[in-house]
Each structure stands twice: as C-alpha cells, then as structure tokens.
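Participant: Using only what follows, build the 3D model:
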Amino acid sequence: MNLRKLEKTEHEKTRRLWEEIFTEDTEAFLDYYYSIKTAENEIFVMEEDQTIRSMLQLNPYRLRVNKASFSTNYIIAVATDEKYRKRGLMGRLLKHVMREMYDRKEPFTFLMPAAEAIYYPYDFRFVYNQGQCEVSGREKKEETLKIVLADEKDCVKLAEFANQFLKDEQVVAVRDEKYYRTVLAEQKSEQGGIVMAKRDDHIVGMYCYAKGERYEIREPLFLREEDFLHAVYTLTGNEQERVKCGAYGTEKEVPMIMVRILHLETFLKCFSLKEDVDFYVQVIDSFLEENHHIFHIVGDALNGVTVVGRCETPEHSCGAISVGELTNFMFGYPSKEDRHLEKELKENLKKFIPLSKVFLNEVV
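Facilitator: The predicted structure follows:
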C-alpha cells in the first residue's frame, strides 16, 4: 500500500471514493467542492494497484489566535473503502499529515469528527460547542430595515462586518473577500445563499442558509435579535415555520470541533498571561517526538509567553501532561482529564489566559 500526496491535477480521482462514503452530499455540492475547494487544498491517499483505497484532505484556513494569525488546516473527507477498513490506513494518513503540518510550524489542526472516539486516541480534543436551536421568523414592519440576498460584489462588506462582529473571539477564521466568495458558492450549491440585513445602507446582520427538505441557517451574526427574526421571516414568509439554526440560541450545545496541537512552541507563544511564569513541564506526545520532551516555559503578563525551549538534559519538572490534556486545559474546555495533574503544574497552567472564546464554524 502506497501513501502519497496527490498532484492538483489528480484531485478529481478522489471523487469516486467521496461519493461512495458520503452519500448524503449532492452532485451540485460535489461540483462546487471539486471545482473550488480542491483547487487549493492538499489530498493524501493510500493506493493499491493504482487505485485509491483511503484518503484525507487538508483544507487551508487562515486563523487568528489572539493577536497572531496562522496558516492552518481543517482535516476533512477522511474516508476508506469499506473493504479496506480496520487495516490502519486512516492512522497512517493522520500521522503523516500531522508530521507535515508540524514541519510547517502550524500551531494546531482541527476537524469536525464523525465520532469523538475515532480521533481521541490521536490526542484530538473538543474545544468548540455550537449552539443549536429552531427558530420561527417574525414579521416586522420597518421601512428602514432591508433584507436582501448577497452576491459577489458584497463579499468585501460581509467580511468587514463579520470581522468586526467577531473581534472579541480568541480563535476564529479570518474573514476576507475570498472567504465569503467561497462560502457564497458553497451555499448556492445547496440551494441557498447569504442573507444580509441592512439599515441606512449599512449591514446590521447576516446569515448563510441552505434549502433541503427544510431551511437550515448557519452562522447568524446580528446586532439585534429582532432583526434576525425578521430576516428569518423574510426567508420563509411564515411565522409558524420552524427553521434549524446553528450558532444561535442556547436550546442545546453540541460538541462540534476537535483540535490537535501540532507545533507546541508556536502554539504556546500565542498565549497571554495573567502573571509571570517560569517553569518546566514534561509533555507526553506519542505521535510527534519533538513535542515529547521536558519544556522550559517563560513569560510575563506584559509580553505573554516569550520562551518555549526543549530541555535535552533532565530538569526539575512541575509535572507531566499529555498533549491531549494540555489541549483541554489551554482552551478552557471542560474535562475530567486534569483531575490527576500535579498541583504545581495546575497552578502554573492557570496563569495562562485560556483560549475559551472559540468560533470555528467552518464546514468544509
């Protein structure tokens, strides 16, 4: 079995496997995906007899993490031919791409898992819950509020509004014109689009939507709830119709995105601190040996983390932590894993300001 990265001209070869595994995706969506997303992504495959038996795709995103921004990758379309499962093909692909991304000093990678248990052994941990609910629209007679469908000429303004709306998030994909051109094409492939609410020619809200058996709304960003509900009514024309909605409301919180730390030094230097730190910690990483070390971490409240160095000789360590446990702790995500951590290590980690404001709402 041969593991290799496909050339861009070969990406279309993986469409057969996608269609066999992800049967819920429509032909229109795949036409969009294989014309736009695969033009810039990376695809790694396992081949036998020149036939693709397993694949993993990396879709690039620019993420802002606190004040810094990084090129990162969203892992998607992890799929294996049914006859070739339970042979370790997915594991080989995952370990290979983790190494590739580590070598590029990417702080972490992320994915939306089909099941937590698949990726947990590779030290992926949940960091983002998406609020989900159902909403009904509300008619509102206000001449100053206009609800319109966005087109490509609106993408710059959409990005400006979204970046301002999300400015307080600590981990978020950077929105720009290209980002929204891509989102618009994706929504159109699912019989949807992007709805804007405008007042005095200024955007005051927006959401993406798709139309299957019923409407589904994604990522509503609105300054006023009443404007959002009117924008829903404009879509359905019916105050009784319930619309599925992601990232709005608190009817339920669904674990959505898992993260895997890659280049530990880059990751830790993203952090702000509540107070000075100067300590040694043993990090346990079974897949990236460069992370499997005792690290010396130094920083202060003014400059954040300034030094993350590997120690080649044993130093006093205030405790040991797996890279998975570290993920939970540094993102401030509720976990039972940290109960066994040594007191001194916990006290030092609590001096970091956790990345608890996460908005990773990307789909593909």
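
Participant: Tell me where this structure has helices.
Facilitator: For the chain, the helices defined by DSSP state H occupy 15-21, 27-35, 89-103, 116-119, 155-165, 177-189, 225-236, 264-268, 323-330, 343-349.

Participant: Let me know the pLDDT of Arg339.
Facilitator: Looking at Arg339, its pLDDT stands at 68.

Participant: what does Glu251 give?
Facilitator: Checking the pLDDT column for Glu251, the value is 76.

Participant: Quick check: Glu219 vs Leu229, distance?
Facilitator: Glu219 sits 16 Å away from Leu229, going by CB to CB, to the nearest Å. In short, each C-beta sits where N, CA and C put it, glycine included.

Participant: what about the two, which has more around it?
Facilitator: Shown here are Glu219 and Leu229; by other CB atoms under 10 Å, Glu219 has more neighbours (21 against 18).

Participant: What residues does that one make contact with?
Facilitator: Tyr207, Cys208, Gly246, Ala247, Asn361 (CB atoms under 8 Å, 6 or more residues apart in numbering).

Participant: Swap in 6 Å and give it another go.
Facilitator: Counting by CB atoms under 6 Å, 6 or more residues apart in numbering, Glu219 touches Cys208, Ala247, Asn361.

Participant: how much space between the residue nearest to Leu349 when sequence neighbours are not counted and Ile321?
Facilitator: Closest residue to Leu349 apart from its sequence neighbours, by CB to CB, 6 or more residues apart in numbering: Phe329 at 5.4 Å. In this view, Phe329 and Ile321 are 7 Å apart by CB to CB.

Participant: Give me the more crowded residue out of the two.
Facilitator: For Phe329 versus Ile321, the count of surrounding residues by other CB under 10 Å is larger for Ile321: 24 against 21.

Participant: Beta-bridge partners for the more buried one, please?
Facilitator: Val283 (DSSP bridges).

Participant: Roughly how far does it sit from Asp285?
Facilitator: 10 Å.

Participant: cool, and His263?
Facilitator: In terms of CB to CB, His263 sits 11 Å off from Asp285.

Participant: what does Arg85 give?
Facilitator: 26 Å.

Participant: repeat for Cys245
Facilitator: 38 Å.

Participant: More neighbours: the two, which one.
Facilitator: Using other CB under 10 Å as the criterion, Cys245 and Asp285 rank with Cys245 on top: 23 against 20.

Participant: Leaving out the residues flanking it, which one is nearest to Ala159?
Facilitator: Ala159 sits nearest to Arg175 (CB to CB, 6+ apart), 4.3 Å away.

Participant: Just to check, the one you found is in contact with Glu160?
Facilitator: No - assessed by CB atoms under 6 Å, Arg175 is found out of contact with Glu160, at 8.3 Å.

Participant: picking up where we left off before, so for the residue nearest to Ala159, what's the pLDDT?
Facilitator: pLDDT at Arg175 comes out at 97.

Participant: quick one on the thing from earlier: hmm, Asn348 and the residue nearest to Leu349 touching each other?
Facilitator: No - applying CB under 6 Å as the test, Phe329 and Asn348 come out as separate, 10.6 Å apart.

Participant: Can you give the contact residues for stretch 357-364?
Facilitator: With CB under 6 Å, 6+ apart, stretch 357-364 has contacts from 74, 76, 110, 127-128, 166, 169-173, 219, 247, 257.

Participant: For those, work out which two are farthest apart.
Facilitator: Pairwise distances across the contacts of stretch 357-364 peak at 23.2 Å for Ile76 and Gln170 (criterion: CB to CB).

Participant: For the residue nearest to Val232 when sequence neighbours are not counted, give me its contacts.
Facilitator: Take Val232 and drop its neighbours on the chain: the residue closest to it by CB to CB, 6+ apart is Gly137, 3.6 Å away. Neighbouring residues of Gly137 by CB under 6 Å, 6+ apart: Leu229, Val232, Tyr233, Thr236, Glu239.

Participant: related to what we said a few turns ago, who are the neighbours in contact with the residue nearest to Ala159?
Facilitator: Contacts of Arg175 by CB under 6 Å, 6+ apart are Ala159, Ala162, Asn163.

Participant: Determine the longest strand present in this protein.
Facilitator: strand 51-65 (DSSP state E).

Participant: Now do the buried residues in that strand.
Facilitator: Ile52, Arg53, Ser54, Met55, Leu56, Gln57, Leu58, Asn59, Tyr61, Leu63, Arg64, Val65 (16 or more other CB atoms under 10 Å).

Participant: Also stretch 154-172?
Facilitator: Quick answer for stretch 154-172 (16+ other CB under 10 Å): 154-155, 157-159, 161-163, 165-166, 169-172.

Participant: which residues are contacting it?
Facilitator: Contacts for stretch 154-172 (CB under 6 Å, 6+ apart): 64-66, 175-177, 180-181, 203, 221, 355, 357-359.

Participant: which one among these gets closest to Thr144?
Facilitator: Ile203 (13.5 Å).

Participant: Can you tell me the closest non-neighbouring residue to the closest one?
Facilitator: Phe161 (4.4 Å).

Participant: picking up where we left off before, and the contacts of Glu219, which are buried?
Facilitator: Cys208, Ala247, Asn361.

Participant: what residues are up against the second one?
Facilitator: When you say that, I think you mean Ala247. Ala247 neighbours (CB under 6 Å, 6+ apart): Gln130, Gly131, Glu219, Asn361.
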